[in-house]
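Chemist: Okay, predicted coordinates and the sequence, questions at the end:
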Amino acid sequence: MSSATQSLSPYIRLVRLDKPVGIWLLLWPTLWGLWVAAGGLPPPGVALIFVLGTVLMRSAGCAINDWADRDFDGHVARTRSRPLASGELPARAALWVAAGLALLAFLLILPLPPAVWLWSVPALLLAGSYPFTKRFLAIPQAYLGLAFGFGIPMAFVAVTGDVPAVAWLLLAANVAWTLAYDTEYAMVDRADDLKLGIRTSAITFGRFDVAVIALCYFANLLLLAVAGGLLGRGVWWMAGLVIACGIAVYHLRLIAGRDPAACFRAFRHNVWYGAAVFAGIAADYALMPAR
């Protein structure tokens, strides 16, 4: 490994570029919103801006998350090797990285309508404040769902200049999905989080955790089906949801025993759940005539 690579490695790990699962989990709902807003393939320039913005804001969110959790991460088995917890980087480095990436993300959206600039403010506030909600919210994963889904109304504003009811349905669907997969994620650290006094949905739901995750997957699929019905979409839209349903059943089987490794595998596999939903949406608009 070259000296340049060695010096950049802590920053790459700080913003999780070595772990792209989070990028996909943030990107899929954004793409759902873009495709629905555009009635199919969105303008390439707009799509590129949102894809790059997703990467930048996810990276900024990881940096601010590590800064907020710098006193906790060293006590959790899964996170004790993170750059701030291990001392590889000073705490202030995370703040500078987060600020720089957020600025780049804002510069990226300047070619879009000014209304998008305004909507980026609550998006930034949600992303920046989420890490602190684990101190006082019983279910911070629901808040994360809002933060991870805010690209949906922004996509509608960028493409149509408006945020219709179906956009809020898609956002609500994303909150339900995020609650499902991030509870699986929280089940991995439940023992450590209980010792530290951190609040998570896995702790709040307790022995009902698997049942609630199943309900969240169901709510996500139901809301997406309702959105498809309101839009007059067809069989391909629903086919994507059927495939996603099968993936959800697989996840529920994985987490049934509450083994941390299996729960983490289920969390990571949600990339395919989001992909199935998107594939159905994209195929329906490509193959079915407008209603």
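Modeler: Structure received.
Chemist: From here on, just use CA atoms for contacts and neighbour counts.
Modeler: Noted.
Chemist: Tell me which other helices or strands the host helix or strand of Ala286 touches.
Modeler: Assessed by DSSP states H and E, Ala286 sits inside helix 260-287. Helices and strands in packing contact with helix 260-287 are listed as helix 21-38, helix 165-188, helix 235-255; criterion 3 or more Cα pairs under 8 Å, 6 or more residues apart in numbering; DSSP states H and E.
Chemist: Mean neighbour count and mean pLDDT for the ones you listed - can I get that in CSV?
Modeler: Rendered in CSV, the data for these read as follows (neighbours: other Cα atoms under 10 Å; pLDDT from 0 to 100):
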stretch, mean neighbour count, mean pLDDT
helix 21-38, 24, 97
helix 165-188, 24, 97
helix 235-255, 19, 98
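Chemist: Point out the other helices and strands that the helix or strand where Leu146 lies packs with.
Modeler: Leu146 is located in helix 140-149, with elements delineated by DSSP H and E. Here helix 140-149 touches helix 21-38, helix 114-129, helix 165-188, going by 3+ Cα pairs under 8 Å, 6+ apart.
Chemist: Minimum distance to Ala94: which of the helices and strands packed on helix 260-287 has it?
Modeler: Put simply, out of those the one that sits nearest Ala94 is helix 21-38, at 17.9 Å, with distance taken as Cα to Cα.
Chemist: same question for the helix or strand following the closest one, mean pLDDT?
Modeler: Scanning the chain past helix 21-38 towards its C-terminal end, the next helix or strand to appear is helix 44-68 (assignment: DSSP H and E). Per-residue confidence for helix 44-68 averages out to 95 on the pLDDT scale.
Chemist: Identify the residues contacting the helix or strand following helix 44-68?
Modeler: Toward the C-terminal end, the helix or strand that comes next after helix 44-68 (DSSP H and E) is helix 83-86. Identification of contacts with helix 83-86 by Cα atoms under 8 Å, 6 or more residues apart in numbering yields 10-11, 13-14, 66-67, 70-71, 73-74, 79-80, 89-91.
Chemist: Need the CA coordinates for helix 83-86. CSV is fine.
Modeler: Included here for helix 83-86 are C-alpha records, laid out as CSV according to Å, rounded to 0.1, in the frame of the first residue of the first chain:
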residue,chain,number,x,y,z
PRO,A,83,-10.9,6.2,12.8
LEU,A,84,-12.1,8.5,15.5
ALA,A,85,-12.6,5.8,18.1
SER,A,86,-9.2,4.3,17.4
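Chemist: Which of the three states applies to the residue nearest to Phe205 when sequence neighbours are not counted?
Modeler: Of all residues beyond its chain neighbours, the one nearest Phe205 is Val212 (7.3 Å), with distances taken as Cα to Cα, 6 or more residues apart in numbering. Judged by DSSP: H, G, I helix; E, B strand; the rest coil, the three-state class of Val212 is helix.
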